[in-house]
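Next input, structure requested:
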Amino acid sequence: MDSLIVAIVTLWFFVTAGYAGTVGVSALRTRTYAPDLGLGLHGGAAVAAGIATLLLAAALFAAGVLVTFVATRA
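Down below sits the predicted model:
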């Protein structure tokens, strides 16, 4: 049962990191940040938000790796 919980938590971290990475890269490419959500950031603000989102994606990915690492050592 513990391994199932670890798998679900790790999957959540990885999927969330993937989505955040997609949003961040899209913001850097198009210089608009999440227009479908109605945020309305354009230009430099969108680039800054995209970089912040990529940093968040990296942190979420690292958290998923950490959960997996700790679960394999237990």
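
So A17 sits against L54, correct?
No - with contact defined as Cβ atoms under 8 Å, A17 and L54 do not form a contacting pair (10.0 Å). Placement of C-beta: from N, CA and C, glycine included.

where exactly do the helices run in this protein?
2-30, 44-73 (DSSP state H).

Using JSON lines, please lay out those helices together with distance to D36.
Shown next, in JSON lines, are these (distance: least, Cβ to Cβ, whole Å):
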{"stretch": "helix 2-30", "distance to D36": "10"}
{"stretch": "helix 44-73", "distance to D36": "13"}
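
can you put those in a markdown table and add mean pLDDT and mean neighbour count?
Formatted as a markdown table, the helices of the chain follow (pLDDT from 0 to 100; neighbours: other Cβ atoms under 10 Å):
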| stretch | mean pLDDT | mean neighbour count |
| --- | --- | --- |
| helix 2-30 | 94 | 15 |
| helix 44-73 | 96 | 15 |
